[in-house]
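Novice: attaching a predicted model along with its sequence, questions to come.
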Amino acid sequence: MVRVERLSYNFGRNWAVKDVSFTVEKGEFVFLTGASGAGKTTLLRLLYGALPVTRGLAEVAGFTLNRLKKRSLPDLRRNVGVVFQDFKILPRRTVFDNVALALEVRGIPRQVRERRVRAILRALGLENKSYSLCGHLSGGEQQRVAIARSMVGQPSVILADEPTGNLDLDLSLHLMSVFKQFNDFGATILMATHNRDILACVPEARVIHLKDGGIDGAAPEPEAVS
Amino acid sequence: MVRVERLSYNFGRNWAVKDVSFTVEKGEFVFLTGASGAGKTTLLRLLYGALPVTRGLAEVAGFTLNRLKKRSLPDLRRNVGVVFQDFKILPRRTVFDNVALALEVRGIPRQVRERRVRAILRALGLENKSYSLCGHLSGGEQQRVAIARSMVGQPSVILADEPTGNLDLDLSLHLMSVFKQFNDFGATILMATHNRDILACVPEARVIHLKDGGIDGAAPEPEAVS
Amino acid sequence: MIGRILCLLGRGATDMRRRPLAQILTLATVSLVALLAGLFLLALHNFQLELLRNRGRVQFQIYWSQNADMELVKKQWTQLARMDRLERIATFTPEQALQDLSTTLDAGDGLLQLEGDSPLPPTASLSFAVSPDQQDEGWAKRLLSELKALPQVAEVHFDPMQYSLAQNWLEAVQRVVWPIIAFFGLVAAMVVGNTVRLSLLTRGDEVEILHLVGARPWYIRLPLLSTGAIQGLLGGLIGLGLLKLVQLGVQDALAGSPLALRVEFLPLNQAAGLACAAVLVGLASSWVAVRS
Amino acid sequence: MIGRILCLLGRGATDMRRRPLAQILTLATVSLVALLAGLFLLALHNFQLELLRNRGRVQFQIYWSQNADMELVKKQWTQLARMDRLERIATFTPEQALQDLSTTLDAGDGLLQLEGDSPLPPTASLSFAVSPDQQDEGWAKRLLSELKALPQVAEVHFDPMQYSLAQNWLEAVQRVVWPIIAFFGLVAAMVVGNTVRLSLLTRGDEVEILHLVGARPWYIRLPLLSTGAIQGLLGGLIGLGLLKLVQLGVQDALAGSPLALRVEFLPLNQAAGLACAAVLVGLASSWVAVRS
Ligand SMILES: Nc1ncnc2c1ncn2[C@@H]1O[C@H](COP(=O)(O)OP(=O)(O)OP(=O)(O)O)[C@@H](O)[C@H]1O
Ligand SMILES: Nc1ncnc2c1ncn2[C@@H]1O[C@H](COP(=O)(O)OP(=O)(O)OP(=O)(O)O)[C@@H](O)[C@H]1O
Ligand SMILES: [Mg+2]
Ligand SMILES: [Mg+2]
C-alpha cells in the first residue's frame, strides 16, 4: 500500500528526508517515530503529494507519486486520509461542515454524508459540538475534528501526523482504539507520533524510527535494510 | 502572584470555567490538568486578558483583571509570558524575529535583545534555526519558538498551555528542566498539560485538576477548598 | 452533473455570507468603480449631445440676382421651407434687407431713402441641424450645389468653418475616446481584480485545505467565479443606481442656472453595457485570481 | 523616544517587503485611483481653459455718427488700439464699410455707385479677451458706457449674450464641480480605504499576536500608518506619471486633427494637491482601518 525506495527530500541544504526505504503492506499499522525535526512530517507530506517526489520512488494506494499528473492528485488524496499536525481545519465553519467537506468534494449525496459524518463524530466524542464553529473549539476538540475528517471518507490509507498531541492519555487511548478498528477493517495506517504510551497500545504495530531524515539503523526495520 | 476567586466564564450557554478559586504564590510551579474541553485554555485566556473577567475575581502579577484599563493591558502582558496552545507565531518571520518581538515591543535596545534571544534559543536547542522562517519549521520546533518567546522577556509569571504536545519525551523533559530553572530563579509557573510524564518530572509541583470547567474536588487543592 | 454545477454556483452566493466584511469592501469598490466608469460615460454622452446641439448646424446664405422675379423667388422660399432637416429659415425681400441693414447700422434715414430702388438682392438664410453621424463626407457640398442650381440664384455662401469644426470635433473625440475608454476599462478591471484578489488572499487557507482533502480544481473555482460574477452584477447595479442619483443631483444643481444645459442619463444600451462589463470584469478577475 | 518613533515609521517601509503581493495590489489600486482623479482634474482643467479661450471674448461694435469728423475718428482709433486686453480691432471708414458690404452681398455695382456719398457711418469692431475670473460683475457694462462716452460716437453694440453665456457657464461649472470633486474624493478614499483595509485583513494575525505579546496600540499603528502614507505617496506619484503619459498620448492623438485643441497638464498646485490628497487618503484610510 505504501512503498518508499531511496526517497530523499531537501529544503535548500537541509536534507529533511534522506535515502529512506520501507514498505507498508495493506492492512498494516506502522508507527513513525523520531525526535523533533527528524523529518516525519516531511516524509508524510511527500506521501500525500504536498511536496514533489524528486529523488527516489514513492507509491501510495496504487499511485506512483513520481509521475503523478497534476489532475490525478485529487484522486490520490481521496484514497488517503490525512491528519495534519497543525489540523488544517476551517475555523469559520462548523465541526459538521469541516468533516463533511471530505465527502462533499467527492460528490457524495447529502443523506449518506450526514449519516457517515454523524457516525464518525459520535465515535470521536464530538457529537455535542457538531454545530460549533471550529475556531471556538479547544485544542483537543480541533484535533479530533481533524481525525474525523481523515476517517470519514473511509480511505484505504490513513496518514496521521501526531494525532494525539493535544489529547490526554485516556482520550488518546480511546482514539487509538478507533484507529485500530479502522485498521482491523482493512485500512493501512502510518502514524507519526512521539508518545510512547501510544506506541505501547498497538503492540503488534511495526515502528520505523527516523533520525536526521534517515532511517535509524538501531530500530528493527527489515524492509529498509534489504 | 496569581489569585483567582469564584471565577466563571461562559460561551453562550456553555460554562467553560465554573466557579474556580485558587492561589499560586510567587515562585510556585503549578500544573493545570483536565480532560480535553475541561476549560484549561479558557482559564488561562482569562488570566492574560484575552477574555474579559466578568464573574469572580482574578489577580495576576499584581494586576487586578476585573478593572484593568484597556491601556494597561500591555503592561500586564509584559509581566506575563504565555505559551499558546496553537503557538501564535508569525510564519513569515524568522525564529529570531519572532522571539525578539517580545523584547522589541518593550523597547529593549538591540544589543540586549540579541544577547537574550541567542541565550534562550541556545537553551531550547534552536540556535541553528535562528534564521529559518517559522513557517518552515517542524511542529516541535514551532512549539519551542513559542516557549522561547514566552521566556525571553523574563516575566514574573509564565502561563504555558500544553507546551510539550508536539515534543518527544526526551525533549519534553529537557524543556521541563528549563522551565524548572526559570522557576528556581523566581518565576511563577502555571502550566496546562495532559502529559503524565511531565507531571512526574516536577514532583514538588502542585496539580489543579479541572473537570467540566470547575475544580475537581477529587484532586488535593487546599486553596480552592478554603 | 448539472445539478452539482448549479449547486457549486449557488455555493458561491452562500459563501459570500461567510466573510461579510471582505465581501462588502469588495462590493463597495466594484460599485464605486462602476460609478466612476458611469460618470465618465455620462460626461461623454452629454458632451456629445451638447456638441450635436451646438455644432451640428450648418448655415447657408442664399443671394438671388438683384433683378430676380420676386414671384418666383417667393415660390422658391416656400419650397425651401419644406426642406429636410431645415431648422430655421429667414427670408428677406430687397426692401426688408435694406431695412434690416439700416436698423443694424442705426444709420439714420440715409439708407432708407433708397427704398423702392433697393440696391440689395432678395436673400434667405437657412439653418440645417444635422446630427454629425448623419453628415457623410460630401453632404454639405451636395446641398450647396443643389442650392446654387436653383434658378435665379446668384450666390450661395455657407460657413464651411462651422461645418468642418463640428466634423473635426467629432473626429477628435472619436480618435481620443476609444483609447480612453479602453484604458478606463483596464483601470476598472485592475482595481476590481486587485480587490477580488485581495479578498481571495484572505481565503487562501480555505483553498489550500480544499486541495488537501482532494477537491478538483473546478470544485474550488466555480464558487469563486460565481462570487466574482455576483459581485460584478451587484456592484454594476449599485453603481448605476448611484449614477442616476448623481445625474439627478447635477441636473438639480444646474436647474438654477440660466443655461439650457441638460444632463441626460445614459441610453439603455450603454447602461446595460456597463452592467455587463462589471459582470465580465468580476468574472475575469476572479478567474485570473483563482488560476494562480 | 523620537528615535523609536522614527524606527517604527521606518519599519512601516521595511514591512512592505514582507507581503509584496498585497502591497503591489494596493499600490496599483492607489495609483489607478490617483490616475482617475487626475484624469478628471485634467479634463476639468482643459475644459476651463477651452472655455476661457472661446468664451472669454466680448465684442463691441462702435458706430460713429454719419457726419463725424474722420480726422478725429482716426485719432480715436489709434487710442482704442492701445486699450487694455484688446485682442483685435477692425476699423472701417464709410467707404470701406460700403465696399465690405458690397462684397459681402455680392450685389454687383449697385451699391458702389453710392461711393463718395456713402450712407454708412465709420465703424470699428473691438474684441476683448478677458479671462472670466477677471470679469467682475459690471466690467462689460463699464466698458460699454466708457465707449459710448467717446465724442461723436452714435451707438455702441455689444453682444451681451456671449458675455453672459461665459458668465453662466462658469457659474454652472463652479456650482457642479465642487460637489463632484468632493464626491470623487470620497469615492477615491473609499476605494483606497477598502484596499488598505483588505490588505490589513491579511495581516490580522500579526496584529493579534503583537497585542498578545504586550505591544502598545501606537507600536502597532505607527508602522501601519506610515505604510499607508508611503503607499499614498507612491501611488500618487505613479498616478501623476501615468497621467502625464496619458496627456502626451492624447495630445499626440489630437495633433493630427485640424482643431487647435491643446491638452495641457495640470498646473503645479493641482498636481501637488493630488499627491497630497493621495497621502492623506492613505493615512486616513489606514488610520480608520487600524482603529477597528
Ligand atoms: N518548508 C520548509 N522549508 C524549510 N525547511 C523545512 C520546511 N519544512 C520542514 N523543514 C525542516 O525540515 C526538517 C524536518 O522537518 P519535519 O517537519 O519533517 O520534522 P518532524 O519530524 O515532523 O518534527 P516534529 O516532530 O517537530 O513535527 C526540520 O529541520 C525543519 O526545520
Ligand atoms: N471561543 C469559543 N466560543 C465558544 N466555545 C468555546 C470557545 N472557546 C472554547 N470553547 C468551549 O469551551 C470549552 C473549554 O474549552 P478550552 O479550550 O478551555 O478547553 P481545554 O481544557 O483547553 O481543552 P484542550 O485540552 O482540548 O485544549 C470547550 O467545550 C470549548 O468547545
Ligand atoms: Mg512534524
Ligand atoms: Mg486547550
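Specialist: Received it, and whenever you're ready, just let me know what you need. Ligands and ions are numbered 1, 2, ... in the order given.

Novice: pLDDT below threshold where in chain A?
Specialist: For chain A, the stretches with pLDDT under 70 are A:217-226.

Novice: what residues does it put near chain B?
Specialist: Proximity of chain A to chain B (Cβ under 8 Å from any Cβ of the partner chain) is limited to residues A:11, A:33-37, A:40-42, A:85-86, A:136-141, A:144, A:161-162, A:165-171, A:194-196. The way it works is simple: take the backbone N, C-alpha and C, and place the C-beta from them, glycine included.

Novice: restrict those residues to those near ligand 1?
Specialist: With Cβ under 6 Å from any ligand atom as the criterion, the members of the residues of chain A next to chain B in contact with ligand 1 are A:11, A:34, A:36-37, A:40-42, A:85.

Novice: in helices, which of the residues you listed appear?
Specialist: Per DSSP state H, helices hold the following members of those: A:40-42.

Novice: ok, those residues vs C:Gly204, which is closest?
Specialist: In terms of Cβ to Cβ, no member of those lies closer to C:Gly204 than A:Thr41, at 20.2 Å.

Novice: OK, contacts around that closest one?
Specialist: A:85, A:161, A:192, B:138-139 (Cβ atoms under 8 Å, 6 or more residues apart in numbering or on different chains).

Novice: before we move on, the earlier item: now list the buried members of the residues of chain A next to chain B.
Specialist: A:33-37, A:40-42, A:85-86, A:136-141, A:144, A:161-162, A:165-169, A:171, A:194-195 (16 or more other Cβ atoms under 10 Å in any protein chain shown).

Novice: pretty sure C:Leu280 is in a helix, no?
Specialist: Yes - applying DSSP: H, G, I helix; E, B strand; the rest coil, one finds C:Leu280 inside a helix.

Novice: ok, and the closest non-adjacent residue to it?
Specialist: Nearest residue to C:Leu280 in three dimensions, chain neighbours excluded: C:Gly232, at 7.0 Å (Cβ to Cβ, 6 or more residues apart in numbering or on different chains).

Novice: where's the residue in the stretch 101-250 of chain C that chain A sits nearest to, which helix or strand?
Specialist: The minimum distance from the stretch 101-250 of chain C to chain A, using Cβ to the nearest Cβ, falls at C:Gly214 (3.4 Å). Using DSSP states H and E, C:Gly214 maps to neither a helix nor a strand.

Novice: and it, how far from A:Asp161?
Specialist: Per Cβ to Cβ, to the nearest Å, C:Gly214 is found 17 Å from A:Asp161.

Novice: residues contacting the residue nearest to C:Leu280?
Specialist: With Cβ under 8 Å, 6+ apart, C:Gly232 has these contacts: C:30, C:192, C:278-283.

Novice: of those, which is the nearest to C:Ser145?
Specialist: For these, the nearest to C:Ser145 is C:Leu280 (49.0 Å; Cβ to Cβ).

Novice: is stretch C:143-154 in proximity to chain D?
Specialist: Yes - counting by Cβ under 8 Å from any Cβ, chain D has neighbours in stretch C:143-154: C:Ala154.

Novice: how about that stretch: buried residues?
Specialist: Neighbour-count burial for stretch C:143-154 [16+ other Cβ under 10 Å]: C:143-144, C:147, C:153-154.

Novice: now intersect these with the helices, please.
Specialist: C:143-144, C:147.

Novice: what about A:Ala16, distance to ligand 3?
Specialist: A:Ala16 is 10 Å from ligand 3, where distance means Cβ to the ion, to the nearest Å.

Novice: isn't that residue right up against A:Tyr9?
Specialist: Yes - A:Ala16 lies in contact with A:Tyr9 (Cβ atoms under 8 Å); the separation is 5.6 Å.

Novice: contact residues of chain A facing ligand 1?
Specialist: A:11, A:14, A:16, A:34, A:36-42, A:85.

Novice: which one of these is nearest to ligand 4?
Specialist: A:Gln85 (16.3 Å; Cβ to the ion).

Novice: do a quick rundown of the helices in the stretch 151-292 of chain C.
Specialist: With helices called from DSSP state H, counting those that start in this stretch, the stretch 151-292 of chain C shows them at C:160-201, C:204-212, C:217-255, C:268-291.

Novice: am I right that A:Met176 falls within a helix?
Specialist: Yes - according to three-state DSSP, A:Met176 belongs to a helix.

Novice: stretch A:141-153 close to ligand 4?
Specialist: No - applying Cβ under 5 Å from the ion, one finds stretch A:141-153 separated from ligand 4 by no less than 8.7 Å.

Novice: picking that back up, got a markdown table for the contacts of C:Gly232, with neighbour count and pLDDT too?
Specialist: Converted to a markdown table, those look like this (neighbours: other Cβ atoms under 10 Å in any protein chain shown; pLDDT from 0 to 100):
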| residue | neighbour count | pLDDT |
| --- | --- | --- |
| C:Val30 | 30 | 80 |
| C:Val192 | 27 | 68 |
| C:Ala278 | 29 | 85 |
| C:Val279 | 20 | 89 |
| C:Leu280 | 16 | 87 |
| C:Val281 | 29 | 81 |
| C:Gly282 | 29 | 82 |
| C:Leu283 | 20 | 86 |
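
Novice: which of these are close to ligand 1?
Specialist: Within these, nothing lies near ligand 1 by Cβ under 6 Å from any ligand atom.
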